[in-house]
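Asker: just to be clear, the model below is a prediction. Sequence and coordinates:
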Protein chains: 2
Amino acid sequence: MKTPLPTDLKGDLDAIVEAFLYLYTESRRLTKEIAARHGLTGPQLTVVKMLEALGELPLSRLSEKIRAQNSTVTGIVDRMEREGLVTRARSAADRRVVHIRLTEKGAALAREVQVEPMDIFREALEALTAEEARTLLRTLRKVARRVEMLVEAATEAEAK
Amino acid sequence: MKTPLPTDLKGDLDAIVEAFLYLYTESRRLTKEIAARHGLTGPQLTVVKMLEALGELPLSRLSEKIRAQNSTVTGIVDRMEREGLVTRARSAADRRVVHIRLTEKGAALAREVQVEPMDIFREALEALTAEEARTLLRTLRKVARRVEMLVEAATEAEAK
DNA sequence: GCCGAATGTTTCGCACAGCAAATTTCAGCC
DNA sequence: GGCTGAAATTTGCTGTGCGAAACATTCGGC
């Protein structure tokens, strides 16, 4: 710690966590609302946008991207396929893998929903000055690096 | 804008969103993992810690705190009551309201799980200087206010 | 003191998310 | 060919989450 000032740093940290949680849950709630307006659920909107950005993807790749298990994603894709939003196609190169791709209907929907997840958050960020944004980014990155370290330490401790 | 530098502000904002999401999902994943280690789910751990900090709470108050509907919280409390972690008690003052309180078992569990939700995030925040923390807080608050405004604007537009 | 509105909670029905374990199909290797 | 491991799916289960409706209670007004 460079500046040990123990003033009411603790209070500040609590407040940061609170603000952070507010921002996240609110952004997420809105995303869900937008998704619902188009007959989608939150995760489904995420998938649609992911596929729009990256083109077709093996299911496993998709699972990694949205941080879920294959079996979970299988279910999500099932429901989306049922709605005619995506198609499955076995890979010619490796017939174990299944490529997920947007249908025309899915692609149209993706274009229609111009809002990306977390968009309201992004929009709110525009109230910041460039200076503030840069500082915020630097700070968040610092915190992120620290989280990474803590995570590593934790997983190592587990592999005791 | 004090510093109009429109350099690659957009890129910065994207990076902020990314870092933000990383921090959230990672913190949440860890919280869930810790909760699971003690036979709890994520929301249940949140409730336990909330009650530990605030004492008994009306169910509605609890719902607000964890940002969920009453009907959702009823379910969560049901399961926790089944496990003997909390009790319900009708208020004497207003017999409509139900106070949720930790049982001895619940309180013991709360003491045992010293980690609060988002704790790893909080821990990572300690890598910041007091100065940085204060700036971060100020910036997040600003963004939060902006989100609030956007939310209000959106809900008003809906009530057209 | 009664009535209608408001408040707090629960019930019900529903759909999705999410996981683990077991299974199937396939690729690559010896 | 037989083995091992990877990719995806199936199955079975639990929890989350919501909205609508039901219910009890309280409160405000008259």
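Answerer: Arrived safely.

Asker: name the helix or strand for A:T74, please.
Answerer: Taking DSSP states H and E as the criterion, the element that holds A:T74 is helix A:70-82.

Asker: and that helix, which residues are buried?
Answerer: Buried residues in helix A:70-82, counting neighbours by 16 or more other C-beta atoms under 10 Å in any protein chain shown, are found at A:V73, A:I76, A:V77, A:M80. Heads up, the C-betas are built off the backbone N, CA and C, glycines and all.

Asker: is it true that the first one touches A:I66?
Answerer: Yep, that's A:V73 we're talking about. Yes: distance between A:V73 and A:I66: 7.0 Å, which falls inside the contact criterion (C-beta atoms under 8 Å).

Asker: show the subsequent helix or strand relative to the helix or strand that contains A:A108.
Answerer: Element membership of A:A108, judged by DSSP H and E, is helix A:104-112. Once helix A:104-112 ends, the next helix or strand along the chain (criterion: DSSP H and E) is helix A:119-125.

Asker: against which helices or strands is that next one packed?
Answerer: The contact analysis (3 or more C-beta pairs under 8 Å, 6 or more residues apart in numbering or on different chains; DSSP states H and E) places helix A:119-125 against helix A:9-37, helix B:9-37, helix B:130-158.

Asker: any chance of these in a markdown table, with mean neighbour count, mean pLDDT and distance to A:E112 too?
Answerer: Shown next, in a markdown table, are those (neighbours: other C-beta atoms under 10 Å in any protein chain shown; pLDDT from 0 to 100; distance: least, C-beta to C-beta, whole Å):
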| stretch | mean neighbour count | mean pLDDT | distance to A:E112 |
| --- | --- | --- | --- |
| helix A:9-37 | 18 | 73 | 10 |
| helix B:9-37 | 17 | 73 | 22 |
| helix B:130-158 | 16 | 75 | 18 |
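
Asker: what residues does chain A put near DNA strand C?
Answerer: A:41-44, A:66, A:68-69, A:71-72, A:75-76, A:79, A:94-96 (C-beta under 7 Å from any atom of the strand).

Asker: what pLDDT does A:L62 get?
Answerer: Looking at A:L62, its pLDDT reads 92.

Asker: pull out the buried positions in the helix or strand hosting it.
Answerer: Following DSSP H and E, one finds A:L62 within helix A:59-65. The neighbour-count criterion (16+ other C-beta under 10 Å) identifies A:L59, A:L62, A:S63, A:K65 as the buried residues of helix A:59-65.

Asker: same check, this time on stretch A:85-97
Answerer: Neighbour counts over stretch A:85-97 (16+ other C-beta under 10 Å) mark A:L85, A:V86, A:T87 as buried.

Asker: closest to A:K105 among those residues?
Answerer: A:L85 (6.1 Å; C-beta to C-beta).

Asker: please list all residues in contact with the closest one.
Answerer: A:Q44, A:V48, A:L102, A:T103, A:K105, A:G106, A:L109 (C-beta atoms under 8 Å, 6 or more residues apart in numbering or on different chains).

Asker: once you drop chain neighbours, what's closest to A:R141?
Answerer: B:A19 (5.8 Å; C-beta to C-beta, 6 or more residues apart in numbering or on different chains).

Asker: chain A against DNA strand D: which residues are in contact?
Answerer: Within chain A, the positions lying close to DNA strand D (C-beta under 7 Å from any atom of the strand) are A:29, A:58-61, A:70-71, A:74-75, A:77-78, A:88, A:94, A:96-99.

Asker: quick check, pLDDT for A:E52.
Answerer: pLDDT for A:E52: 91.

Asker: skipping adjacent residues, who's closest to the residue nearest the centre of chain A in space?
Answerer: Central residue of chain A (C-alpha atoms, centre = their mean): A:I66, 6.3 Å from the mean position. Once flanking residues are discounted, A:I66 sits nearest to A:T46: 5.7 Å by C-beta to C-beta, 6+ apart.

Asker: so what does the strand or helix carrying the one you found touch, helix or strand wise?
Answerer: Assigned by DSSP H and E, A:T46 belongs to helix A:42-54. Using 3+ C-beta pairs under 8 Å, 6+ apart, the elements in contact with helix A:42-54 are helix A:9-37, helix A:59-65, helix A:70-82, strand A:98-102, helix A:104-112.

Asker: A:L128: neighbour count?
Answerer: A:L128 is flanked by 21 other residues according to other C-beta atoms under 10 Å in any protein chain shown.

Asker: in contact with it, which residues are there?
Answerer: Taking C-beta under 8 Å, 6+ apart, we find A:L128 in contact with A:L136, B:T139, B:K142, B:V143.

Asker: my guess is the third one contacts A:E126, does it?
Answerer: No: taking contacts as C-beta under 8 Å, B:K142 lies outside contact range of A:E126: 11.3 Å.

Asker: can you check which residues contact both of the two?
Answerer: Shared contacts of B:K142 and A:E126, defined by C-beta under 8 Å, 6+ apart, are absent.

Asker: and the nearest residue to A:V73 once chain neighbours are set aside, what does it touch?
Answerer: Excluding its sequence neighbours, the residue lying closest to A:V73 (C-beta to C-beta, 6+ apart) is A:S63, at 4.6 Å. Neighbouring residues of A:S63 by C-beta under 8 Å, 6+ apart: A:Q69, A:N70, A:T72, A:V73.
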